[in-house]
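1. dropping a prediction and its sequence here:
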There are 2 protein chains.
Amino acid sequence: MATSTESPAGPTVDREVRDDPENITPPTDDLSDDERALLVDNLRYELDGRWRATRDMAREKFAGRSDLLPDPSLTLDQARARMLEEMRELGGSGFSAAGFASEHGGTGDVGASITAIEMLGYADLSLMVKAGVQWGLFGGAIENLGTARHHDRYVTDTINLDLLGCFAMTETGHGSNVQALETTATYDPDTREFVIHSPTPSARKDYIGGAAQHATVAAVFAQLITGGPGEEPTGRGVHCFVVPIRDAEGNDLPGVTTSDCGYKGGLAGVDNGRIVFDNVRIPAENLLNRYADVEADGTYDSPIENPNRRFFTMLGTLIRGRVSVAATAGAAGRKALALAARYGSIRRQFEAPDDEDNEIVVMDYLGHQRKLLPLIAKSYAIMFAQNELTEELHEVQSMAPDDSDAGRQRELESAAAGLKAYATWHASHSINVSREACGGAGYLDENQLSIIRGDIDVFTTFEGDNTVLTQLVAKEVLSAYADDVQGLSAGGWVKFIASMARDVVVEKTAVRQVVQTLLEGSDEDTEKSNLTDRGTQIRLFRNREDHLVRTCAQRLRRATDDDNDPFEVFNRAQDHLLKVGRVRTERIVLEAFVQAIEDCDSRSAAELLGKICDLFVYSALEDDMAWFLMHRHVSVERAKAVRRGVNELCQELRPHLRTIVDAFGIPEELMVAPMLQNG
Amino acid sequence: MATSTESPAGPTVDREVRDDPENITPPTDDLSDDERALLVDNLRYELDGRWRATRDMAREKFAGRSDLLPDPSLTLDQARARMLEEMRELGGSGFSAAGFASEHGGTGDVGASITAIEMLGYADLSLMVKAGVQWGLFGGAIENLGTARHHDRYVTDTINLDLLGCFAMTETGHGSNVQALETTATYDPDTREFVIHSPTPSARKDYIGGAAQHATVAAVFAQLITGGPGEEPTGRGVHCFVVPIRDAEGNDLPGVTTSDCGYKGGLAGVDNGRIVFDNVRIPAENLLNRYADVEADGTYDSPIENPNRRFFTMLGTLIRGRVSVAATAGAAGRKALALAARYGSIRRQFEAPDDEDNEIVVMDYLGHQRKLLPLIAKSYAIMFAQNELTEELHEVQSMAPDDSDAGRQRELESAAAGLKAYATWHASHSINVSREACGGAGYLDENQLSIIRGDIDVFTTFEGDNTVLTQLVAKEVLSAYADDVQGLSAGGWVKFIASMARDVVVEKTAVRQVVQTLLEGSDEDTEKSNLTDRGTQIRLFRNREDHLVRTCAQRLRRATDDDNDPFEVFNRAQDHLLKVGRVRTERIVLEAFVQAIEDCDSRSAAELLGKICDLFVYSALEDDMAWFLMHRHVSVERAKAVRRGVNELCQELRPHLRTIVDAFGIPEELMVAPMLQNG
């Protein structure tokens, strides 16, 4: 699976062009058009990150394609048919093959595959989800859980859409706790088949994208039951099977009953459905057998002894979906904020005191700036963190199997879980605020925001419920990524924490060079240095994380000392735990922003990024100021300075607003909104 | 307009039944079914408030009527046609006539009209909006701005739906600043007509409910231009005119061009549209002339000299729409929270440590309780405040004209503005959280939450943008409801504040008896008394409000002392101002809750209400803890106690959750959701 990582990372913008003319450092609001365009280019170069060539490929594809935007007048059937057409059209152009190794028939560039899917989010989130299900989830299961026989048989057809798949993991009764799925896959040694069955109503596969109409085959997650000769057949945990569900005419195959989830809060183009299996027989080779296999006689065999570790290893290979969802939410949030920022810059309301004929542009009100600018700053921060996450995923999944590193994989999974929750909550909130900032105009589908709002809603709960994911981050940190804690019940996990050596709970993350340098250059007493000092900012975020991790561990341990019910101990600390997960991710996001500024070659762009980073930090501090005050990490005087600082930074950044949102590089063809003509 | 206020307020529940058996005081979680049902009844009695008979009338109407729930499979045309049918069906049954005085052909019960409209929100928000436009906004304009000739001609037909009207105030260019509307109504003395005209593209009437299809007549707000003999015709400010826009076949009348706003983020059953007027002539009598008239020769005449005061007096009579919107948002939020609470009480996920076969009900996780219970507590608080607001509106609008009290009217308008913003933001947030708390199931329209989410979104910006309304509250408080500040520009208003006597800025609201008593019984030093002490709770909210009002006034005055640009001064303080508006409303909401507890005759219900009130207070304090700490109104130790208190109250209220949401009295037929069967 190792591939060259050079080609997609090659810069597409001539580096010479990116040098600053002296006169635009520092950036001011009286830039010429050319200077502003250059500044936009330089910022976009940084935001685009390593797969900027993929982003440019997508931008070219979108040129003149306003017709890709969602059309609310379509019926459900029409919307779904259209998504399939658009996928076929785009499939040939780099959106489909990158996620598969070249020896399997792909082009072997994981990072490009995620970036391409993310870019679809600028056009239509239904298209992104539909493509993500086909090439990311279904294709990813084949690619990562299958072996040569599956790659040979399915990969090319999956890329070409000759085979339409779905990813049948979630059941009506189980979404977050997938280890407890109820669907069974019982091996029958006489026929060398697996029997796929839904034993209860809650075993029904539910919400499955593609299952209502288009998918002819499903990657089904089910409890494998098998035994070798003379052995009682026993449960081996959840495994994945390729199960044909429909014939070429779209009829359910014998034993398969599909149904339609019908109308949803958004994503009209995605045909979510349900599948019930009544003793459906599939050939033995349909087990995706990279991590476990069943011999002809029924003997179960896996290189990973521990069933929990085996399950989570399989799951871990599937995080591309989660990373793609986070990335796309970022794109959707940026688009909504850019639409609202542009509208706010032309919409006028209420008269200026000295100019009664000319009402004030609403973006010039502090209240409006405070609504949008901190969210835009946070979107910058998240995009840099997302780029790093994509890069790390690319590296880990491009490694030769021998070089694989379990610890690095676990950290990647934790970072992906944390950022997925952080980024999708931010996107959902940003889109709500953007709609509201555009008033009645924002509520009309013609201006896109209301559609994006409906589509994004489910991003906070699919591909991992955000609360569960945030908790996962905290649990991993508190147990220092210890083996064998995955799959423990809440109470079991508390018992594990209590048994740990007292001083290993605060994980010793490798500190990146730039952060180390900044920390060394800043005062340990955060109150003594300027709040715009980057080292001080990092220190505040790090101190908060350390404090919360340490006190949470103490609390869990003390409580078990007292012989309490471990589940009760866990539950009473759940708000504390969720906070650990959130602040850890926020610290990672900040450090990614800091790294991006460090890596930026353009002085004017770096300076503007610095201001945006300041606003991200100030507003993050403001949002959590009660905590900082309660735990005496910030003084009352500094707290007041933070509030003033947010106001000042909003006013400083206001003249650059158009530059800042243009740098997202959202194709103009996808920014269509009549309100931007009317004002 | 004065009516009997007795009949609708009569209790429908036998007071005897409401007495507590001794054994259910205090309420515990091992109540018998009968005891629980009694507790639900007693709580509902309090929540239903004075117009409980109207609520019961609506409940009877909804019996067996799950068909009233929105049907997402309908096309736009079908959904709109269906709304009209439903309105015709419900019109005869008390939803329509109450808002009109009996001498005009109504039944003369303002409070009942608002309560009835609110109840429609439990069924379908499109129906509520459609009905609200017809009977509340259009009908309200006729009723409140018109005179006998209009009442005689329009009221009965409006009630019966023989006349379908729309309310054409907002224009493409002006929503919040309605004093600056551009549509003109020029009097022509030769023909005794007004000429209605849209002089610019931004003068187009926009987002008007009913304008796309059904309305045949519009209440059009336009700048009146007229002059008496020998007088140059001049602008007299915004007035309202009855303008026919369609013939019986639905064709635009000459000079009128309507168009369709098309698909929206929700409210599919409401036909929002646009209207452009090209010199449309209407007879002189179509001016709604209660507050101003034009004589045959063009002479303008109004009992209110000051044009600003005249305009805001007219606007003030129209606040029923705003009050209805707030009330309905409350209903929608309660329904969403009740659905999520019920789902959370049957949905199980992840195993209990000692009971591997029985996963934990998600509502038993602290994290899930913290998501829903504080929002439910706040919904209680808001409902009590809403009931008081409706009652005050009823009283003020039922007064004989001679008894009218300008100060009371201004306070009512301010309270309505504040609560509309506070309640709709809360509803929107609650519905988002409720959807998310139900995961994938919450995203399916069959479970209603996603539809409610789409419908509610615009409530935060229609009938007054929430930010603008919140600011309005603050401006009124800071200027102590002074005459003549309405309509001032931001800068002009700052100059006014600076000119005020230094000690009148903190408005001396009449303190209600129960609050006075509680304050007197509590320690002035809030740190010294228990945080569950009701007087201390009120004191904290009052102190916060006083502090913010005082410091905001000082800040505005100091800034003008320095000869700064008044608009800049205003703008720099905007976040401070918005906070004044928000905390003032929150204090009013708390005091309404306290009053409701005081008035509750049932001991067990009062005790449970007390706990719910505590949770409302603790979580409101938690949400704003940074402020309380920064301004030293709360100590660090107490802040930590608040956080723990929220957790403890969630756990204490958890056993009563079903009781608490059942007490909303939402008809079971409207709580249909397949997820409540599946778990």
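-> Okay, I see it. Residues are numbered from 1 along each chain as shown, chains lettered A, B, ... in the order given.

2. tell me who's in contact with A:Leu267.
-> A:Leu125, A:Ser126, A:Val129, A:Gly454, A:Asp455, A:Val458 (C-beta atoms under 8 Å, 6 or more residues apart in numbering or on different chains). Just so you know, the C-beta spots here come from the backbone N, C-alpha and C atoms, and that holds for glycine as well.

3. list phi and psi for it.
-> Backbone geometry at A:Leu267, expressed as degrees, to the nearest 10, gives phi 50, psi 50.

4. ditto for A:Ala131
-> Torsion angles, degrees, to the nearest 10, at A:Ala131: phi -70, psi -40.

5. coming back round to it: just the ones of the contacts of A:Leu267 in helices?
-> Mapping the contacts of A:Leu267 onto helices (DSSP state H) picks out A:Leu125, A:Ser126, A:Val129, A:Gly454, A:Asp455.

6. which members of those are the farthest-apart pair?
-> Spanning the widest gap among the ones in helices among the contacts of A:Leu267 are A:Val129 and A:Gly454, at 12.7 Å by C-beta to C-beta.

7. can you give me the strands for chain A?
-> Using DSSP state E, the strands of chain A run over A:165-168, A:184-188, A:193-197, A:205-209, A:217-226, A:234-244, A:256-260, A:272-277, A:280-283, A:293-294, A:300-301, A:348-352, A:355-361.

8. single out the most deeply packed of those.
-> Highest mean neighbour count among the strands of chain A (mean count of other C-beta atoms under 10 Å in any protein chain shown): strand A:165-168, with a mean of 29.

9. just for the stretch 451-600 of chain A, where's the confidence low?
-> Across the stretch 451-600 of chain A, the ranges flagged by pLDDT under 70 are A:501-509, A:560, A:562.

10. next: the stretch 251-400 of chain A.
-> Ranges of the stretch 251-400 of chain A meeting pLDDT under 70: A:351-357.

11. that one: helices as residue ranges?
-> Shown for the stretch 251-400 of chain A, the helices assigned by DSSP state H, counting those that start in this stretch span residues A:307-316, A:320-346, A:366-398.

12. point out the most buried one among those.
-> Mean neighbours per residue, mean count of other C-beta under 10 Å, is largest over the helices of the stretch 251-400 of chain A for helix A:320-346, with a mean of 26.

13. any residue of it up close to chain B?
-> No: using C-beta under 8 Å from any C-beta of the partner chain, helix A:320-346 never reaches chain B; the gap is at least 11.0 Å.

14. how far does that helix sit from its chain's centre?
-> Centre-to-centre, helix A:320-346 and its host chain are 12 Å apart (C-alpha atoms, centre = their mean, to the nearest Å).

15. count of neighbours near the nearest residue to A:Thr461 once chain neighbours are set aside?
-> Spatially, and ignoring its direct neighbours in sequence, A:Thr461 is nearest to B:Gly439 (4.6 Å; C-beta to C-beta, 6 or more residues apart in numbering or on different chains). By the criterion of other C-beta atoms under 10 Å in any protein chain shown, B:Gly439 has 24 neighbours.

16. for the contacts of A:Leu267, which one is nearest B:Val634?
-> Of all the contacts of A:Leu267, B:Val634 sits closest to A:Val458, with 38.3 Å by C-beta to C-beta.

17. show me the contacts for the closest one.
-> Going by C-beta under 8 Å, 6+ apart, A:Val458 touches A:Lys264, A:Gly265, A:Gly266, A:Leu267, B:Gly440, B:Tyr443.

18. how close does A:Met671 sit to A:His656?
-> In this view, A:Met671 and A:His656 are 18 Å apart by C-beta to C-beta, to the nearest Å.

19. of A:Val129 and A:Gly454, who's got more company?
-> Taking other C-beta under 10 Å, A:Val129 and A:Gly454 do not tie; A:Val129 has more neighbours (31 against 26).

20. wait, isn't that one in contact with A:Val270?
-> Yes: between A:Val129 and A:Val270 there is a contact under C-beta atoms under 8 Å: 5.0 Å.

21. overlap in contacts, the two.
-> A:Gly209.

22. returning to that earlier point: and the furthest pair within the contacts of A:Leu267?
-> A:Val129 and A:Gly454, at 12.7 Å, using C-beta to C-beta across these.

23. how about stretch A:60-70 and chain B, any contact?
-> No: among the residues of stretch A:60-70, none lie within reach of chain B under C-beta under 8 Å from any C-beta; the closest is 9.9 Å away.

24. stretch A:71-85 too?
-> Yes: using C-beta under 8 Å from any C-beta, stretch A:71-85 reaches chain B at A:Pro72, A:Ser73.

25. with just CA atoms, put that stretch into CSV.
-> Output of stretch A:71-85 as CSV, limited to C-alpha atoms (Å, rounded to 0.1, in the frame of the first residue of the first chain):
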residue,chain,number,x,y,z
ASP,A,71,-32.0,21.4,-6.4
PRO,A,72,-34.8,21.5,-3.8
SER,A,73,-37.5,21.0,-6.4
LEU,A,74,-36.6,17.4,-7.2
THR,A,75,-38.6,14.6,-5.8
LEU,A,76,-36.8,12.1,-3.6
ASP,A,77,-36.4,9.7,-6.6
GLN,A,78,-35.2,12.4,-8.9
ALA,A,79,-32.7,13.7,-6.3
ARG,A,80,-31.3,10.2,-5.8
ALA,A,81,-31.1,9.4,-9.5
ARG,A,82,-29.3,12.7,-10.0
MET,A,83,-26.7,11.9,-7.4
LEU,A,84,-25.8,8.7,-9.1
GLU,A,85,-25.4,10.4,-12.4
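
26. how about that stretch: buried residues?
-> Of the residues in stretch A:71-85, A:Asp71, A:Pro72, A:Leu76, A:Ala79, A:Arg80, A:Ala81, A:Arg82, A:Met83, A:Leu84 count as buried by neighbour count, 16 or more other C-beta atoms under 10 Å in any protein chain shown.

27. likewise for stretch A:581-600?
-> Residues of stretch A:581-600 classed as buried by neighbour count (16+ other C-beta under 10 Å): A:581-598, A:600.

28. before we move on, what about stretch A:666-674?
-> Quick answer for stretch A:666-674 (16+ other C-beta under 10 Å): A:Ile666, A:Pro667, A:Glu669, A:Leu670, A:Met671, A:Ala673.

29. quick one: the third one from A:Ala63, how far?
-> With distances defined as C-beta to C-beta, the gap from A:Glu669 to A:Ala63 amounts to 7 Å.

30. retrieve the pLDDT associated with the residue in the stretch 101-250 of chain A positioned nearest to chain B.
-> The stretch 101-250 of chain A approaches chain B most closely through A:Tyr207 (4.1 Å), counting by C-beta to the nearest C-beta. At A:Tyr207, the model reports a pLDDT of 98.

31. skip the chain neighbours and tell me the closest residue to it.
-> B:Gly440 (4.1 Å).

32. now A:Ala490
-> Nearest non-adjacent residue to A:Ala490 (C-beta to C-beta, 6+ apart): A:Phe570, at 4.1 Å.

33. for the one you found, give me its contacts.
-> Applying C-beta under 8 Å, 6+ apart to A:Phe570 gives the contacts A:Ala490, A:Gly491, A:Trp493, A:Val494, A:Leu556, A:Leu577.

34. if you set the cut-off to 10 Å instead, what comes out?
-> With contacts defined as C-beta atoms under 10 Å, 6 or more residues apart in numbering or on different chains, A:Phe570 is in contact with A:471, A:475, A:489-495, A:497, A:556, A:559-560, A:564, A:577, B:353, B:365-366.

35. do the same with A:Gly136
-> By C-beta under 10 Å, 6+ apart, A:Gly136 lies in contact with A:99, A:113-114, A:117, A:128-129, A:143, A:167, A:318, A:320-325, A:463.

36. tell me the one of the residues you listed nearest A:Phe311?
-> Proximity of the contacts of A:Gly136 to A:Phe311 (C-beta to C-beta) peaks at A:Leu318, which lies at 11.4 Å.

37. how many other residues sit next to the closest one?
-> Counted with other C-beta under 10 Å, the neighbours of A:Leu318 add up to 22.

38. any idea how chain A splits into domains?
-> Structural domains assigned to chain A are A:76-163, A:167-306, A:319-486+A:579-679, following automatic domain parsing.
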